[in-house]
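In: Predicted model and sequence follow; I will ask about them next.
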Amino acid sequence: MTNDIQSGDKTPVSPRRNLGGIILLIAGLAVIFLLSILFLIFGWREGSAANVPVSGYIAMGIGVVVSLACGFGLMMLLFFSSRKGYDDPPTYILPPSDPDAER
């Protein structure tokens with residue numbers, strides 16, 4: 001069976017053709033969600049006996065703030081460079097020709 005795009009066939013694809021992929025995607029996401037919930041429950045039960053000092057919570061808070069600041073800063077630089085055109089491919093701009101140089 002050939003790919004519709006490569007064969008040049010312009011007929012619309014029936015919705016039933018993609019139904020299997022959508023069902024597989026939803027099932028996979030549901031399994032990942034359930035596994036993450038089970039991991040959360042297991043971690044909550046096992047970690048409840050750990051005594052964390054106040055300095056541990058302060059260090060964790062500082063780590064979260066620094067990580068968020070790095071993420072926001074890098075995203076800001078990404079959008080800034082995109083809007084200013086720094087991400088565009090380089091182009092060679094010819095200098096204006098001097099009429100006296102042509103003679």
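Out: Good, I have the coordinates. Numbering: from 1, shown residues only.

In: And the helices in the protein, which stretches?
Out: Taking DSSP state H as the criterion, the chain carries its helices at 4-7, 19-47, 54-84.

In: mind giving me JSON lines with the ones you listed and columns for mean neighbour count, distance to P95 and mean pLDDT?
Out: Placement of C-beta: from N, CA and C, glycine included. Conversion of the helices of the chain to JSON lines gives the following (neighbours: other C-beta atoms under 10 Å; distance: least, C-beta to C-beta, whole Å; pLDDT from 0 to 100):
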{"stretch": "helix 4-7", "mean neighbour count": "9", "distance to P95": "44", "mean pLDDT": "53"}
{"stretch": "helix 19-47", "mean neighbour count": "10", "distance to P95": "54", "mean pLDDT": "92"}
{"stretch": "helix 54-84", "mean neighbour count": "10", "distance to P95": "23", "mean pLDDT": "94"}
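
In: can you tell which of those is closest to Y92?
Out: With C-beta to C-beta as the measure, helix 54-84 is the member of the helices of the chain nearest Y92 (19.1 Å).

In: Spatially central, which residue of this structure would that be?
Out: Ranked by distance to the mean C-alpha position of the chain (C-alpha atoms, centre = their mean), the top residue is M75 at 11.2 Å.

In: circling back to that earlier point, and the helices of the chain: which comes nearest T91?
Out: helix 54-84 (14.8 Å).

In: re the thing from before, so can I have TSV of the helices of the chain showing distance to L94?
Out: Shown next, in TSV, are those (distance: least, C-beta to C-beta, whole Å):
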stretch	distance to L94
helix 4-7	39
helix 19-47	50
helix 54-84	22
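
In: Out of those, which gets nearest to P96?
Out: helix 54-84 (24.1 Å).

In: gap between the closest one and the chain center?
Out: 16 Å (C-alpha atoms, centre = their mean, to the nearest Å).

In: before we move on, what about stretch 45-57?
Out: Here the centre of stretch 45-57 is set off from its chain's centre by 32 Å, with C-alpha atoms, centre = their mean.
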